[in-house]
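Student: generate a structure from the sequence data that follows.
(one chain, ligands or ions: 3)
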Amino acid sequence: MRADIVVLEGDGIGPEVTAAAVQVLQALAARYGHQFELQRHPIGGAAIDASGEPLPAATLQACQRSDAVLLGAVGGPKWSDPKAKVRPEQGLLALRKGLGLYANLRPVQPHAATLGASPIKPHLLAGVDMIVVRELTGGIYFGDKQRSASSASDLCEYSVAEIERVVRRACQLARGRRGHVVSVDKANVLETSRLWREVATRVAREEFPDVTLEHQLVDSMAMHLIAKPRAFDVIVTENMFGDILTDEASMLAGSLGLLPSASLGEGKVGLYEPIHGSAPDIAGRGIANPCGTILSAALLLRHSLGLDAEAACLEQAVAAVLDAGVLTADLAPAGEAATTAQFTAAVLAQLDLPCHVAELRD
Ligand SMILES: NC(=O)c1ccc[n+]([C@@H]2O[C@H](COP(=O)([O-])OP(=O)(O)OC[C@H]3O[C@@H](n4cnc5c(N)ncnc54)[C@H](O)[C@@H]3O)[C@@H](O)[C@H]2O)c1
Ligand SMILES: CC(C)[C@H](C(=O)O)[C@@H](O)C(=O)O
Ligand SMILES: [Mg+2]
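Tutor: Ligands and ions are numbered 1, 2, ... in the order given. Down below sits the predicted model:
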């Protein structure tokens with residue numbers, strides 16, 4: 001198949017981890033006879049430096065015209081002055097909003113080879129398989145912001161329609177899994193959460209009688225997530241709670257560098273990015289873990305291009321490399337770490353081997 005993929009490298013380790021995923025996508029295309037047209041565009045701090053804008057109009061237009069977008073990360077100390085008028089993160093938020101990507105899927109499936117890197121006891125982690133559906137274009141991130149000399153405010157707002165569509169997405173996902181959704185809110189305090197709970201309850205009851213829905217307050221959810229992670233199948237929550245809970249959930253897997261994400265809306269274009277940031281503390285050293293971005297490329301193949309078998313092959317290849325003990329510095333014992341390039345080379349070598357997925361012929 002032919003596909004136009006926009007690559008937004010961004011800042012910090014963004015160019016390093018996207019380079020890894022691009023090599024993997026090119027290798028898969030060559031191996032299975034696809035034609036992927038990869039086009040790079042600036043976003044974030046790099047775009048501010050080049051043009052003064054964190055999301056240049058040409059970048060947004062290229063994304064809108066593409067089949068899928070692969071992003072590294074944005075931000076960094078260079079652009080983090082609290083008095084700065086434009087910030088890299090605004091570019092990412094504008095991109096998500098501009099593409100209408102209201103559902104951010106963040107799967108958490110700890111891999112046997114990396115369990116040792118998790119601070120959680122291994123017997124609690126075996127069999128953990130959850131997916132967090134984070135609302136991505138509403139809530140406090142996008143509400144009106146005010147600032148005066150003596151105070152500041154960020155409005156948190158959700159409409160019924162915004163809650164309905166993301167809860168629907170979560171329930172649909174649950175149907176293809178274990179049929180269980182936990183909706184996370186702060187309904188004991190926040191009016192937006194009381195609306196969230198009401199709408200989630202109605203959508204699940206009226207449209208998904210085969211799916212069980214439970215509610216959990218976000219503070220105790222932060223505890224349950226590490227105390228009984230096997231209990232969760234699909235978790236649906238609002239924008240900021242989802243942001244925080246998924247960085248926490250990454251420690252079930254062993255590192256923030258491992259988790260991928262897919263951001264989807266009603267349109268054809270999806271955005272695929274690791275859940276981590278630009279990691280300024282390790283940027284430029286060639287040691288970042290590219291797994292989150294490579295696995296995001298697998299989600300791109302599956303969700304935007306419909307290449308389920310290729311996606312599964314790529315996921316198998318990453319798992320095999322981790323199984324073989326090729327681990328980057330965030331996961332490896334001291335002195336035994338693979339660089340980003342070595343990890344990527346190992347995935348490429350693995351992709352050269354036969355892939356045990358029914359639909360693909362080797
Ligand atoms: N989607 C995004 O573009 C995104 C996401 C989160 C944070 N950010 C931005 O990134 C900047 C830094 O934020 P932060 O330091 O709070 O979070 P971060 O995710 O960049 O880093 C947190 C810690 O995790 C480590 N880490 C992250 N990704 C890793 C990887 N792939 N391999 C190995 N280690 C990894 C980092 O070295 C750091 O110690 C900020 O400007 C923030 O706004 C961007
Ligand atoms: C960089 C920032 C705007 C972003 C978010 O909060 O959504 C990041 O933390 C993420 O998880 O993708
Ligand atoms: Mg985050």
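Student: pull the number of nearby residues for A324.
Tutor: 12 (other C-beta atoms under 10 Å). C-beta coordinates here come from the backbone N, C-alpha and C atoms, glycine included.
Student: how about the contacts made by it?
Tutor: Contacts for A324 (C-beta atoms under 8 Å, 6 or more residues apart in numbering) come out as A346.
Student: for it, what are phi and psi?
Tutor: Main-chain dihedrals, A324, degrees, to the nearest 10: phi -80, psi 0.
Student: that one and T192, how far apart?
Tutor: Note on A324: its distance to T192, by C-beta to C-beta, to the nearest Å, is 46 Å.
Student: go on, V199?
Tutor: 11 Å.
Student: what about stretch 173-189, how long is it end to end?
Tutor: One end of stretch 173-189 to the other measures 29 Å (C-alpha to C-alpha, to the nearest Å).
Student: do the same with stretch 74-92
Tutor: From its first residue to its last, stretch 74-92 covers 7 Å (C-alpha to C-alpha).
Student: anything in that stretch near ligand 2?
Tutor: Yes: using C-beta under 6 Å from any ligand atom, stretch 74-92 reaches ligand 2 at 75, 89, 92.
Student: that stretch and ligand 1 in contact?
Tutor: Yes: using C-beta under 6 Å from any ligand atom, stretch 74-92 reaches ligand 1 at 74-76, 80, 89, 92.
Student: any idea how far the residue nearest to the spatial centre of the chain lies from D308?
Tutor: The centre of the chain sits closest to S261, judged by C-alpha atoms, centre = their mean, with a distance of 2.2 Å. Taking C-beta to C-beta as the measure, S261 falls 18 Å from D308.
Student: surely A298 meets A319?
Tutor: No: between A298 and A319 there is no contact under C-beta atoms under 8 Å: 10.8 Å.
Student: more crowded one of these two?
Tutor: Per other C-beta under 10 Å, whichever of A298 and A319 has more neighbours is A298, with 27 against 16.
Student: let me see the contact set for the more buried one.
Tutor: 260, 311-312, 314-315, 318.
Student: please apply the same query to V166.
Tutor: Per C-beta under 8 Å, 6+ apart, neighbours of V166: 102-103, 133, 135, 236.
Student: which of those residues has the most neighbours?
Tutor: Among those, V236 has the most neighbours (other C-beta under 10 Å), with 29 neighbours.
Student: same for the longest strand belonging to the chain, what does it pack against?
Tutor: In the chain, taking DSSP state E as the definition, the longest strand is strand 2-10. Contacts defined by 3 or more C-beta pairs under 8 Å, 6 or more residues apart in numbering; DSSP states H and E place strand 2-10 against helix 14-32, strand 35-40, helix 44-51, helix 57-65, strand 68-73.
Student: recalculate using a threshold of 7 Å.
Tutor: Strand 2-10 is packed against helix 14-32, strand 35-40, helix 57-65, strand 68-73, with contacts defined by 3 or more C-beta pairs under 7 Å, 6 or more residues apart in numbering; DSSP states H and E.
Student: list the contacts of the residue in the stretch 101-250 of the chain that ligand 1 sits nearest to.
Tutor: Relative to ligand 1, the nearest point of the stretch 101-250 of the chain is D247 (7.3 Å; C-beta to the nearest ligand atom). Contacts for D247 (C-beta atoms under 7 Å, 6 or more residues apart in numbering) come out as 256, 275.
Student: can you give me the pLDDT of it?
Tutor: What the model reports for D247 is a pLDDT of 98.
Student: do the helix or strand encompassing it and ligand 2 meet?
Tutor: Here D247, judged by DSSP states H and E, is contained in helix 239-253. Yes: contact of helix 239-253 with ligand 2 (C-beta under 6 Å from any ligand atom) involves D243.
Student: what are the buried residues along that helix?
Tutor: The neighbour-count check on helix 239-253 (16 or more other C-beta atoms under 10 Å) flags 239-243, 245-246, 249-253 as buried.
Student: looking at the residues you listed, spot the one nearest ligand 2.
Tutor: Using C-beta to the nearest ligand atom, the buried residues of helix 239-253 come closest to ligand 2 at D243, 4.3 Å.
Student: give me the residue from the stretch 51-200 of the chain nearest ligand 1.
Tutor: Counting by C-beta to the nearest ligand atom, the stretch 51-200 of the chain gets nearest ligand 1 through G75, at 2.4 Å.
Student: these two touch, right, that residue and G44?
Tutor: Yes: the pair G75 and G44 qualifies as a contact (C-beta atoms under 7 Å) at a distance of 6.4 Å.
Student: the more surrounded of these two?
Tutor: Neighbours were tallied for G75 and for G44 using other C-beta under 10 Å; the higher tally belongs to G44 (31 against 23).
Student: the more buried one touches P88, doesn't it?
Tutor: Yes: using C-beta under 7 Å, G44 makes contact with P88 at a distance of 3.6 Å.
Student: which neighbours do these two share?
Tutor: 11, 54, 74-75.
Student: could you pull out the buried residues of stretch 316-333?
Tutor: By neighbour count on 16+ other C-beta under 10 Å, the buried set for stretch 316-333 is 316-322, 326-332.
Student: okay if I get these as TSV plus distance to ligand 1 and pLDDT?
Tutor: Formatted as TSV, these follow (distance: C-beta to the nearest ligand atom, whole Å; pLDDT from 0 to 100):
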residue	distance to ligand 1	pLDDT
Q316	21	96
A317	18	97
V318	13	98
A319	17	97
A320	20	97
V321	15	98
L322	14	97
V326	14	98
L327	11	98
T328	6	98
A329	7	97
D330	4	97
L331	8	97
A332	11	95
